[in-house]
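*Asks:* sequence first, predicted coordinates after that:
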Amino acid sequence: AASEAYNTALEAHLREGLGVEFVDAPRAGGKRPVREITGVDAALCARWSRRRSDIEVRQGELAEEFAIRHGRFPTAKESIALAQRANLETRESKHEPRSEAEQRATWREQAVHKLGTAGIDRLLNDSLTLTPSGRRQFSIEWLVEAAERVITGLEAHRATWQTWHIYAEAQRQIRELDVPSEQVGQVVEHLVDTVQRSLINLTPDLDPITDPQTLRRSDGVSVYRHTGADHYTSQRMLDAEQRIVEAAGRTTATAPDPVDVELALLATPFDGPVLNDGQRELVRALLSDPRQVALALAPAGAGKTTAMSMLAQVCQDLGYDPVGLAPSAAAAAVLGEATGMLSDTLAMLDHTLAAGLDPGFGPHTVVVIDEAGMDDTPTLDRVIAACLERGARVRLIGDNQQLASVGAGGVLRDIAHTHAPYASTRLSASTTPSRHGHRWTCGRETGPPSGTTWTTTASTPATSTPAWTTCSPLGATSRLPAASA
């Protein structure tokens with residue numbers, strides 16, 4: 001919120017002082033657009049933003065190398081580490097100190113080299129001689145419309161939000177308004193109040209004791225209540241989560257016979273990926289499960305991608321069409337290469353459906369949504385509804401450490417608690433001592449046999465969390481290890 005307040009104030013200052021206007025410049029990967037001065041050549045912006053571009057390119061290369069080496073996408077924490085590494089590897093040596101005049105001369109030389117002298121003159125003319133745009137005036141009508149845009153913007157990025165998230169989105173909306181800079185704060189407060197009246201407070205103050213005025217802040221809130229601690233959501237978000245959970249309980253008659261799945265699995269050991277017992281059980285369960293939506297959970301490195309490769313192969317052998325969806329274009333490319341499935345982003349399918357185009361799904365389509373915990377709830381809701389409407393089955397693949405991710409808002413946790421997810425307890429005995437050794441039996445932890453340490457069958461170090469946790473497909477409660485809560 002502080003950075004957005006600064007950006008809003010800076011825009012107002014430059015607009016009033018220089019007469020420039022700002023416009024949203026879209027960015028790839030579904031990222032928020034950035035604000036650029038109207039009339040400034042995009043090539044010049046790219047030249048002076050080369051540092052960021054170099055880091056992003058190198059980070060993408062490191063992420064691809066990571067996926068090839070480990071057979072999975074990097075987690076959020078690992079992505080931050082890769083970004084830091086990319087930052088260090090692309091950093092250039094610092095130049096000698098320069099005066100302001102020398103620095104301005106250097107910038108002009110770089111601009112002339114990029115655009116030419118005529119291009120610089122044209123840029124200055126385009127950006128500094130603009131006719132003031134018809135900015136909207138503050139009104140009740142604008143307030144209602146802006147409040148709806150704020151809520152929609154919040155829903156697109158997270159399922160619950162706090163006060164500073166609302167303030168940040170309000171700051172973004174205020175920039176289209178013709179309002180003096182000294183009144184921006186008041187308008188933002190009006191907009192935030194309007195938004196909060198339309199939201200559901202998930203953490204209301206239920207304390208029956210009323211604090212005296214001396215123990216209240218200027219806004220009337222008790223000093224014992226942390227500022228900005230309240231979490232909000234919208235009714236639309238709750239409805240979307242409820243629809244997803246309900247969809248996970250519906251069954252279909254187009255699921256293949258478990259015997260056929262088993263025969264197909266037996267026919268693929270020589271030309272397909274090698275699976276351990278847990279991965280094989282996962283593939284068998286996801287394909288033969290009659291539910292239209294099923295969830296599989298496993299921690300990073302447990303072999304989900306390998307299992308999905310076999311799932312895709314068995315699907316094709318049985319006459320089904322597997323389709324892979326991932327959170328980003330890079331992730332979709334890795335998923336398609338690793339599994340052989342036709343893969344794209346969830347956002348692209350959502351865009352296709354919104355345009356009224358038919359994706360070609362039918363009762364013999366199996367849609368695999370990888371890293372489902374990273375997807376925002378409204379998009380996930382729309383895509384699942386469209387798939388089910390066409391008779392396709394949806395398989396959500398997630399990390400049990402991402403059950404309460406910001407994007408999905410914990411909807412995977414809701415599914416896991418309402419409808420048992422798939423995983424595996426297939427652990428292999430090892431005589432290698434390990435202080436982390438545990439044995440899990442249907443979600444219940446028991447001690448290892450004397451002289452034996454139990455480790456996961458996946459190629460990961462022995463940990464107290466198994467690679468998979470098996471649960472009954474229907475009518476059972478979720479049996480996840482305590483580490484995933």
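*Replies:* Yep, that arrived. Residues are numbered from 1 along each chain as shown.

*Asks:* give me the distance between the residue most central in space within the chain and Arg158.
*Replies:* Central residue of the chain (C-alpha atoms, centre = their mean): Met374, 3.4 Å from the mean position. Distance of Met374 to Arg158, given as C-beta to C-beta, to the nearest Å: 12 Å. Every residue, glycine included, has its C-beta placed from N, CA and C.

*Asks:* same check on Leu123?
*Replies:* 38 Å.

*Asks:* what's the closest non-adjacent residue to Pro359?
*Replies:* The shortest distance from Pro359 to any non-neighbouring residue, by C-beta to C-beta, 6 or more residues apart in numbering, is to Thr352 (5.6 Å).

*Asks:* does anything pack onto the helix or strand the one you found falls within? Which helices or strands?
*Replies:* Per DSSP states H and E: Thr352 is located in helix 346-354. Packed against helix 346-354, as judged by 3 or more C-beta pairs under 8 Å, 6 or more residues apart in numbering; DSSP states H and E, are the following elements: strand 321-326, helix 377-389.

*Asks:* mean neighbour count, those: which tops it?
*Replies:* Comparing the helices and strands packed on helix 346-354 by mean neighbour count (mean count of other C-beta atoms under 10 Å), strand 321-326 comes out on top with a mean of 24.

*Asks:* packing partners for it?
*Replies:* Against strand 321-326 (3+ C-beta pairs under 8 Å, 6+ apart) you get helix 304-317, helix 329-339, strand 342-345, helix 346-354, strand 365-369.

*Asks:* low-confidence bits of the chain, can you list those?
*Replies:* 29-30, 130-133, 269-273, 400-409, 420, 422-485 (pLDDT under 70).

*Asks:* how about the strands in it?
*Replies:* 22-25, 34-37, 200-201, 232-233, 293-297, 321-326, 342-345, 365-369, 393-398, 427-430, 439-441, 444-446, 453-456 (DSSP state E).

*Asks:* and the contacts of stretch 44-58?
*Replies:* 25, 36, 83, 86-87, 89-90, 107, 110-111, 114-115, 123 (C-beta atoms under 8 Å, 6 or more residues apart in numbering).

*Asks:* what about Asp178, how many residues close to it?
*Replies:* 11 (other C-beta atoms under 10 Å).

*Asks:* and the closest residue to it other than its chain neighbours, how many neighbours?
*Replies:* Distances taken as C-beta to C-beta, 6+ apart put Arg135 closest to Asp178, at 3.6 Å, once the chain neighbours are dropped. Arg135 has 12 neighbouring residues, counting by other C-beta under 10 Å.

*Asks:* is Arg135 in contact with Ile174, as I believe?
*Replies:* No. Using C-beta atoms under 8 Å, Arg135 makes no contact with Ile174, being 10.9 Å away.

*Asks:* any chance of JSON lines for the helices and strands packed on strand 321-326, columns mean neighbour count and distance to Leu263?
*Replies:* Listed next are the helices and strands packed on strand 321-326 as JSON lines, based on neighbours: other C-beta atoms under 10 Å; distance: least, C-beta to C-beta, whole Å:
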{"stretch": "helix 304-317", "mean neighbour count": "23", "distance to Leu263": "9"}
{"stretch": "helix 329-339", "mean neighbour count": "20", "distance to Leu263": "21"}
{"stretch": "strand 342-345", "mean neighbour count": "19", "distance to Leu263": "25"}
{"stretch": "helix 346-354", "mean neighbour count": "17", "distance to Leu263": "32"}
{"stretch": "strand 365-369", "mean neighbour count": "25", "distance to Leu263": "18"}
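
*Asks:* for Gly19, which of these is the nearest?
*Replies:* Closest approach to Gly19 among the helices and strands packed on strand 321-326 (C-beta to C-beta): helix 346-354, 37.1 Å.
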